[in-house]
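Engineer: Here is the input, now give the coordinates:
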Amino acid sequence: MLSDGAVSVEVLPVDPAAGERCLRQIGATADSWLGAMALHTGGALVDNGWLRVYGGGCPQRRLPDLAAVNPDPEAAGHLLVGADVLGGRYVIRGRDPESTVDTVVLPGEPGEICYLGPDTLRWEPLSWAYRDWLSLLVGGAIVDFYHDLRWPGWEAEVSAVPPDRLLSLYPPVYTKEGRAQLADSDREAVGAEELYGLLDELTAERAARH
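Structural biologist: Numbering: from 1, shown residues only. Coordinates of the predicted model:
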């Protein structure tokens, strides 16, 4: 499902026992695309690592597994399945109509992929199931999807960022100045959880104002 992509895809190896354990913990079936990612791969780095797709985990490449990034998906009401290098996240929306991320109610339908844009600070429904999301982005949709958030030479810079770290930009991409000065922004690799926490806080503040 990943071998004929229009952009670069590095499928990471997985320890078979770790893959089986991850599959059980997230409650997916082995014949689903999500289950296949957990069972048969350590995850994937798409388009020079711009997109990190979680799978069964690959410690040697510092990509956590689906179970690690979703310690209690039933309570959370969503499942984190991927993230981009700027801290944008992709989750599968749960069945609960009040499914939230850090107090912000997720839009869309159950089973649909929702995306938090690091530039918009807003969760948006993409009208894609997991299979659609993965096949479309790997198939080349990622190029247009992120066209306005890339700068000259991003490929080499992003490919050097370990999968457990993300790029924090200043001015931030959620400001007008940040979007206008992408090429000249100060960029620093930071821990994923650090940037996730900041974006969640800002997203919740934005939602409260609207």
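Engineer: Which helix or strand contains the residue minimising distance to the centre of the chain?
Structural biologist: With distances taken as CA atoms, centre = their mean, residue 83 lies nearest the centre of the chain, 1.6 Å away. For residue 83, the element it lies in under DSSP states H and E is strand 78-84.
Engineer: what's the answer for residue 158, then?
Structural biologist: Residue 158 belongs to helix 154-159 when assigned by DSSP H and E.
Engineer: What mean pLDDT does that helix get?
Structural biologist: In this model, helix 154-159 has a mean pLDDT of 98.
Engineer: buried sites along it?
Structural biologist: Judged by neighbour count (16 or more other CB atoms under 10 Å), helix 154-159 contains these buried residues: 154, 158. C-beta: built from backbone N, CA, C; applies to glycine.
Engineer: Stretch 88-105 too?
Structural biologist: Judged by neighbour count (16+ other CB under 10 Å), stretch 88-105 contains these buried residues: 88-94, 99-101, 104.
Engineer: Kindly list the main-chain dihedrals of the closest residue to the residue nearest to the centre of the chain other than its chain neighbours?
Structural biologist: Nearest residue to residue 83 in three dimensions, chain neighbours excluded: residue 89, at 4.9 Å (CB to CB, 6 or more residues apart in numbering). Dihedral pair for residue 89: phi -130, psi 150, per degrees, to the nearest 10.
Engineer: what sits opposite residue 89 in the beta ladder?
Structural biologist: residue 83, residue 116 (DSSP bridges).
Engineer: Low-confidence regions, the chain specifically.
Structural biologist: 1 (pLDDT under 70).
Engineer: Where do the strands of it begin and end?
Structural biologist: 9-12, 43-46, 51-54, 78-84, 89-93, 100-101, 104-105, 113-116, 123-125, 165-170, 186-191 (DSSP state E).
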